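K.L.:
Sequence and predicted structure are below.
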Amino acid sequence: MPKIEIDESKCLTPFACKKCLQVCPHAVFAVAPKEVLRFKETDPQEPGSYRLFVVYRDKCVVCNDCVEVCPVNAIKITLPEGA
């Protein structure tokens, strides 16, 4: 199974960007707010308010489309040795 790393210091506005979510053929990624506050809407444009994470790593076919489309080079996919 591939190792998928997301550099959160580079991927600051994943909800506003969503390029990796749109290009991934197997819907490996998801975006969620880092913090949910009662009676306060989370601003998708605010850096650091949302987080991109890997939901279905086992579905990744290592097509690298997400790596290529990421405008800030925040995604890195590596295969374990011997795979």
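P.N.:
Thanks, I have it.
K.L.:
Pick out the residue nearest the middle of this protein.
P.N.:
residue 52 (3.7 Å; Cα atoms, centre = their mean).
K.L.:
Dig out what that one forms beta bridges with.
P.N.:
In this entry, residue 52 is beta-bridged to residue 31, by DSSP bridges.
K.L.:
Surely it touches residue 6?
P.N.:
Yes. Assessed by Cβ atoms under 8 Å, residue 52 is found in contact with residue 6 at 5.4 Å. (Each C-beta comes from the backbone N, C-alpha and C, glycine too.)
K.L.:
what kind of secondary structure is the residue of the chain most remote from its centre in?
P.N.:
Most distant from the centre of the chain: residue 39, at 26.5 Å, with distances by Cα atoms, centre = their mean. Under DSSP: H, G, I helix; E, B strand; the rest coil, residue 39 falls in the coil class.
K.L.:
Can you pull the residues that touch both of residue 52 and residue 6?
P.N.:
Common contacts of residue 52 and residue 6, defined by Cβ atoms under 8 Å, 6 or more residues apart in numbering, comprise residue 74.
K.L.:
Residue 66: what secondary structure?
P.N.:
helix.
K.L.:
and if you look at residue 76?
P.N.:
Taking three-state DSSP, the label given to residue 76 is strand.
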